[in-house]
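Peer 1: Would you be able to build a 3D model of this:
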Amino acid sequence: MKIGLFDRSRIPLLEKEMDLFVARNKAIANNIANIATPGYKTVDVSFQHELSNAIANTTNDVQLSQDIKNIQPAVQVDNSGTLDSGANNVNIDQQMADLAKNQLQFKMAARLTSITLQMIDKSINGV
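Peer 2: This next block holds a predicted model:
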């Protein structure tokens, strides 16, 4: 097993989280774009359970870095009935709330990545 430069940091985990937040953002945008499409079913991207299991089942940072590379988002279709509009089951209020939450989570992961890289830079340059 080849160990990368950042495999002992939280960078691989944060990178995977940001990739998954991007996938969820695309799903939410697709739901919003199809709000008036008859018969459309809301989709969501799930990955927290798989990510939590990978974190819980690893004993060191290097193993975690390898395990999370295999995690892929799971797309779930909501097959519940239609809303009062009768067209489909897209709830615009819920989608907008999910979009705001997802954006905040992405920004937090990006900020943590930036802080981690700054700490690595300080340890290398001694400043």
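Peer 1: Please count neighbours and contacts with C-alpha atoms only from this point.
Peer 2: Will do.
Peer 1: Just list what the least confident helix or strand in the chain by mean pLDDT packs against, helices and strands only.
Peer 2: Least confident helix or strand, the chain: helix 61-68 with a mean of 72, by mean pLDDT, DSSP states H and E. When contacts are defined as 3 or more CA pairs under 8 Å, 6 or more residues apart in numbering; DSSP states H and E, helix 61-68 packs onto helix 11-33, helix 48-56.
Peer 1: Find out how far the next helix or strand after that helix is from the centre of the chain, if you would.
Peer 2: Note on helix 61-68: by DSSP states H and E, the next helix or strand toward the C-terminus is strand 74-77. Distance of strand 74-77 from the chain centroid (CA atoms, centre = their mean, to the nearest Å) equals 13 Å.
Peer 1: Quick check: residue 72 vs residue 35, distance?
Peer 2: 26 Å (CA to CA, to the nearest Å).
Peer 1: Over to residue 10?
Peer 2: For residue 10, the distance to residue 35 - CA to CA - is 38 Å.
Peer 1: quick one, what contacts residue 58?
Peer 2: Going by CA atoms under 8 Å, 6 or more residues apart in numbering, residue 58 touches residue 64.
Peer 1: any idea whether it is helix, strand or coil?
Peer 2: Under DSSP: H, G, I helix; E, B strand; the rest coil, residue 58 falls in the coil class.
Peer 1: So what does it look like in phi/psi?
Peer 2: phi -110, psi 150 (degrees, to the nearest 10).
Peer 1: Please report how far it lies from residue 106.
Peer 2: 24 Å.
Peer 1: before we move on, what about residue 82?
Peer 2: 30 Å.
Peer 1: Shouldn't residue 118 be within a helix?
Peer 2: Yes - with three-state DSSP as the criterion, residue 118 is part of a helix.
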